[in-house]
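J.: prediction below, plus the sequence it came from.
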Amino acid sequence: MLEARELSFQFSPGVSLLQAVSLTLSAGQWVGLSGDSGAGKSTLGKLLAGYVTPQAGHISLDGEALPSRGLQPVQWLPQSPELAVNPRWRVGKILREAWAPSNAQCQAFGIQPGWLSRFPHALSGGELQRVCVLRALAPGVRFLIADEISTMLDPITQLELWQALKQEAEKRQLGVLVISHDTALLERLCPQRYHLHDGQLTSWSAE
Amino acid sequence: MLTIDQLSLQLPVYASWWKREWTTCLDKLSLHFSAGEVHAVVGASGAGKSLLAYAMMGLLPTPARLNGQLYYQGSPLDRPRQRQLRGRELALIPQSLNALDPLVRTQRQVAWAAQRSGQPSKSARHAAQLALDHYQLDARAQQAYAHELSGGMARRVLTAMAHVSQAQLVIADEPSVGLDPHQRQRVLAALRELADQGKTVILITHDLRHALPIADRVTIMRHGKQVETAAASAFQGNGDSLTAVYSQALWQALPDNSFSIRGTRKAQQDIQKEANVA
């Protein structure tokens, strides 16, 4: 279980972004997070994945602190995949950075064998996003923070990405935090949803 | 207004350093855009939407092979004419926000766009001022450099530039990417307004759901081919009034609709069959 207790965060003194935010994510659970831009959704995601350190409060994984080195069990999937890959590596090398996915897994995510020999710039955003998602699903990974990962995709590709991820998550009991503006999408994916506003989380259900 | 007749486009791909192959990026597209309408061009990434925009503007890279004809207001639109009309009658709101000059303040930038369309500098400055006020860019944004603008502001500056150039044809390439719902609403409303003034607006996007409220007609593209052109009103209910399986699937896959593809495997076979026939 990934647990964040009383997290507070501010970028500059006096301007508080998150105020005593608590959130738990258990294995196999899908939680949605919505909010206006600038509300701190991504920052909360980065805090949970250990990219940023909170000023107060702490994050624990099964009661222990997040590991400081090695493969992180909490993986953050960023909004723009172009910035998350090494432009000098071929896609095949990028995909196998942490683990070697099988052909069947590549197929489930719609990754074609022909892409592997290309450089990232020769793939479209949607194609690269799928590579990045599969790359993050290494065996030791238990939680995913999906930060607006399907914003740049057309409806069909978006659906296929989520279906593949859902299947994989079910199989391995991954906990997923879905960050998105798209409330309709969150309603479809996540039984439990939160809205971040003025540094506070509130739970919401479908209107 | 603008007619595309059997437009095909091929671009070179280097399989290795010395081996050049040609890939077909646009395949015999025929489209007509009329004045006063917002025509959305929707497709997955890699469908050739942006290349279509560049082909219309004459901004394709040199090695591109272009076949077919473009007609603007009845007469052929070739490269010299495109160069002449670009920034005057034809305007592109590019996808990348890097299109703004990083060394010039917003106000000056918009005034330049007006000047480029042939207005004398004084009235250009005036027009720029009006456009900036119209798009609700405050005094601070007007004096800002490009890097100081938020994504939404930069989009509105680019839209203002298209607005002051008095272009009759405005092509907006993914204008709502990376904007929050509120800002997206504003940018799309600005485009609708341009169409209501009698201009032709071509809205290129992957985001079918948000294009529909402002669009009159929608063209669905896939792998460089035109799948279907339908009235925006055809996208409702189960999408039964759409003729192509692919457009139906696109509509059905939206989270507000069924968020599934009916009989996925069958649908995919049908889409494939449809593509082969086309």
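T.: Happy to help now that I have it.

J.: rest of the way, CA atoms for contacts and neighbours
T.: Fine.

J.: ok, the longest helix along chain A near chain B or not?
T.: In chain A, assigned by DSSP state H, the helix with the most residues is helix A:155-172. Yes. Counting by CA under 8 Å from any CA of the partner chain, chain B is contacted by helix A:155-172 at A:155, A:156, A:157, A:159.

J.: can you redo those as JSON lines with neighbour count and pLDDT?
T.: Below are these laid out as JSON lines (neighbours: other CA atoms under 10 Å in any protein chain shown; pLDDT from 0 to 100):
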{"residue": "A:155", "neighbour count": "26", "pLDDT": "88"}
{"residue": "A:156", "neighbour count": "21", "pLDDT": "86"}
{"residue": "A:157", "neighbour count": "21", "pLDDT": "86"}
{"residue": "A:159", "neighbour count": "22", "pLDDT": "90"}
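
J.: Serialize the residues you listed to TSV and add fields for distance to residue A:116.
T.: Shown next, in TSV, are the residues of helix A:155-172 next to chain B (distance: CA to CA, whole Å):
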residue	distance to residue A:116
A:155	24
A:156	22
A:157	19
A:159	23
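
J.: show me where the chain has strands.
T.: This is for chain A. According to DSSP state E, chain A carries its strands in the segments A:2-12, A:15-25, A:30-35, A:56-61, A:74-77, A:143-147, A:175-179, A:192-197, A:200-203.

J.: switch to chain B, please.
T.: With strands called from DSSP E, chain B shows them at B:2-14, B:20-33, B:38-43, B:65-72, B:75-76, B:90-93, B:169-173, B:200-205, B:217-222, B:225-231.

J.: quick check: which of the ones you listed is nearest to residue B:82?
T.: Nearest to residue B:82 among these is strand B:90-93 (8.0 Å), distances taken as CA to CA.

J.: tell me who's in contact with residue A:172.
T.: residue A:28 (CA atoms under 8 Å, 6 or more residues apart in numbering or on different chains).

J.: per-residue pLDDT, it?
T.: pLDDT for residue A:172: 92.

J.: and if you look at residue B:266?
T.: pLDDT, residue B:266: 63.

J.: which residues are in contact with the residue in the stretch 1-150 of chain B that chain A sits nearest to?
T.: Ranking the residues of the stretch 1-150 of chain B by distance to chain A (CA to the nearest CA) places residue B:44 first, at 5.1 Å. Residue B:44 makes contact with A:153, A:154, A:157, B:206, B:221, B:222 under the criterion CA under 8 Å, 6+ apart.

J.: how about 7 Å then?
T.: A:153, A:154, B:206, B:222 (CA atoms under 7 Å, 6 or more residues apart in numbering or on different chains).

J.: ok, the third one - contacts?
T.: The contact partners of residue B:206, taken as CA under 7 Å, 6+ apart, are A:153, A:154, B:42, B:43, B:44.

J.: so the fourth one bridges to which residues?
T.: Here residue B:43 sits in beta bridges with residue B:221, as judged by DSSP bridges.

J.: do you know the pLDDT at it?
T.: 90.

J.: how many other residues sit next to it?
T.: Other residues within reach of residue B:43, judged by other CA atoms under 10 Å in any protein chain shown, total 29.

J.: quick one: end-to-end distance for stretch B:195-202.
T.: 9 Å (CA to CA, to the nearest Å).

J.: near chain A, which residues of chain B show up?
T.: B:43-46, B:180, B:206-207, B:250, B:253-256, B:259 (CA under 7 Å from any CA of the partner chain).

J.: most neighbours among those, which one is it?
T.: residue B:43 (29 neighbours).

J.: mind listing what it touches?
T.: Each residue near residue B:43 by CA under 7 Å, 6+ apart is listed here: A:154, B:206, B:220, B:221, B:222.

J.: which members of those are classed as buried?
T.: A:154, B:206, B:220, B:221, B:222 (16 or more other CA atoms under 10 Å in any protein chain shown).

J.: between the residues you listed, which sits nearest residue B:21?
T.: residue B:222 (21.0 Å).

J.: correct me, but that closest one touches residue B:46?
T.: No. Contact between residue B:222 and residue B:46 fails when scored by CA atoms under 7 Å: they sit 8.2 Å apart.

J.: what's the neighbour count on residue A:103?
T.: By the criterion of other CA under 10 Å, residue A:103 has 12 neighbours.

J.: same question for the one 5 residues further on.
T.: Applying the criterion other CA under 10 Å, we find 17 residues in the vicinity of residue A:108.

J.: kindly report the same for residue B:13.
T.: 12.

J.: which ones are touching it?
T.: Counted by CA under 7 Å, 6+ apart, residue B:13 has contacts B:20, B:21, B:22, B:23.

J.: mind putting these in JSON lines, neighbour count and pLDDT included?
T.: Shown next, in JSON lines, are these (neighbours: other CA under 10 Å; pLDDT from 0 to 100):
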{"residue": "B:20", "neighbour count": "12", "pLDDT": "86"}
{"residue": "B:21", "neighbour count": "13", "pLDDT": "86"}
{"residue": "B:22", "neighbour count": "14", "pLDDT": "90"}
{"residue": "B:23", "neighbour count": "11", "pLDDT": "88"}
